[in-house]
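In: output the structure for:
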Amino acid sequence: MVGYQAVEDRVWSLFHQSIGQNIALPDRLKQQLGIRSSRIIEVDPDIARQHDSKTDVLVVFECGGKLKISVKKENAHYYGNWYTHQRVEQEFGQQALDRLVEKTTEWANQWIENERSSFFLGVSINFGERTGNTYLDFNQIFTTRDIRSIVAGHNDCLDTTANVIYHTDGMAGSVEQVVEELQVIDDALLSELFSSVKIVFRPINPMTEGSNRGKQTYTKFVPYERFEATTLLESKADLLRFGRFESVDLNHDYRLNHNRHIQALRHQYNMAVRVK
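Out: This next block holds a predicted model:
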């Protein structure tokens, strides 16, 4: 199976090889994106590495037009990385963040009783396509306007905000093939995506997951009381017996991640957790 990075590198390479040349741009791209010249003068090598960039390949044309390409494999079900408290607040506002914390906590208290769930102490968030029971419909918190930020970015003036999507299940054969298959991120595409993109709940099991413990959590397990002797939390039964999930306090717990919460359980409640 071709990896995502290989697909992205291939698209970048095809455009880079075409610097100084005129490529055959479809009229729809010229009209919708205001590209007046099809001669490529630059292909940015670093745009995908910039913070929170939705653009994977940036192609600059003579006269200033740009293709800001978001590369998506057909089997890629996520848009962007894990969303932090500060990113949600910046892109969607305080009310959306408060609502997300509330809904995540409601879900956590229900999910911990599900026979298919595993041990977890907090829940992280991202956005994408999802089936099953570990998601919330996007429209329960966000609007059709918000979907643009998830898919493309929140500021059209920035190069890190994408203006086209390239969906592929393999390696592109030519730059002409890529441009023919580009989809402009317009209202029609966003309306289509609005029904499929979900708020994805990612419960983190600290006993089996390492780096993911550094992700921020939108809810936290809180014991009913502090224990006199150190008590080990190691099963779902322990969680159901000793406490419940509560909303993170965004005044006190802003940017709280799973590692810090484990430390807080030890210091405040005398409860220990084995970690990977």
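In: for the helix ranked longest in the chain, name the packing helices and strands.
Out: The helix of greatest length in the chain, counted in residues with DSSP state H as the criterion, is given as helix 94-111. Secondary structure elements in contact with helix 94-111, counted by 3 or more CB pairs under 8 Å, 6 or more residues apart in numbering; DSSP states H and E, are helix 85-92, strand 122-128, strand 198-204, strand 219-223, strand 243-247. For glycine as for every other residue, the C-beta is placed from the backbone atoms N, C-alpha and C.
In: so where do the strands sit in the stretch 101-250 of the chain?
Out: Secondary structure of the stretch 101-250 of the chain, counting by DSSP state E, counting those that start in this stretch: strands at 122-128, 135-137, 164-168, 183-184, 198-204, 219-223, 231-233, 243-247.
In: same list, those, but as TSV with mean neighbour count, mean pLDDT and distance to Phe61 please.
Out: Below are the strands of the stretch 101-250 of the chain laid out as TSV (neighbours: other CB atoms under 10 Å; pLDDT from 0 to 100; distance: least, CB to CB, whole Å):
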stretch	mean neighbour count	mean pLDDT	distance to Phe61
strand 122-128	22	94	31
strand 135-137	16	92	39
strand 164-168	20	92	13
strand 183-184	16	96	15
strand 198-204	21	95	36
strand 219-223	23	98	46
strand 231-233	16	95	57
strand 243-247	18	98	48
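In: save the ones you listed as CSV, and put in distance to Cys63 too.
Out: Output for the strands of the stretch 101-250 of the chain, formatted as CSV (distance: least, CB to CB, whole Å):
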stretch, distance to Cys63
strand 122-128, 35
strand 135-137, 42
strand 164-168, 18
strand 183-184, 19
strand 198-204, 40
strand 219-223, 50
strand 231-233, 62
strand 243-247, 51
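In: out of these, the one nearest Asp9 is which?
Out: With CB to CB, the closest approach to Asp9 among these belongs to strand 164-168: 12.7 Å.
In: could you list the domains of this structure?
Out: With automatic domain parsing serving as the domain definition, the record reports that the chain contains domains spanning 4-76+147-194, 85-128+205-273.
In: re the thing from before, let's have the helices and strands packed on helix 94-111 in JSON lines, adding distance to Leu100.
Out: JSON lines is the format used below for these (distance: least, CB to CB, whole Å):
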{"stretch": "helix 85-92", "distance to Leu100": "6"}
{"stretch": "strand 122-128", "distance to Leu100": "7"}
{"stretch": "strand 198-204", "distance to Leu100": "7"}
{"stretch": "strand 219-223", "distance to Leu100": "10"}
{"stretch": "strand 243-247", "distance to Leu100": "10"}
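In: closest to Glu176 out of these?
Out: Nearest to Glu176 among the helices and strands packed on helix 94-111 is strand 122-128; the distance by CB to CB comes to 29.7 Å.
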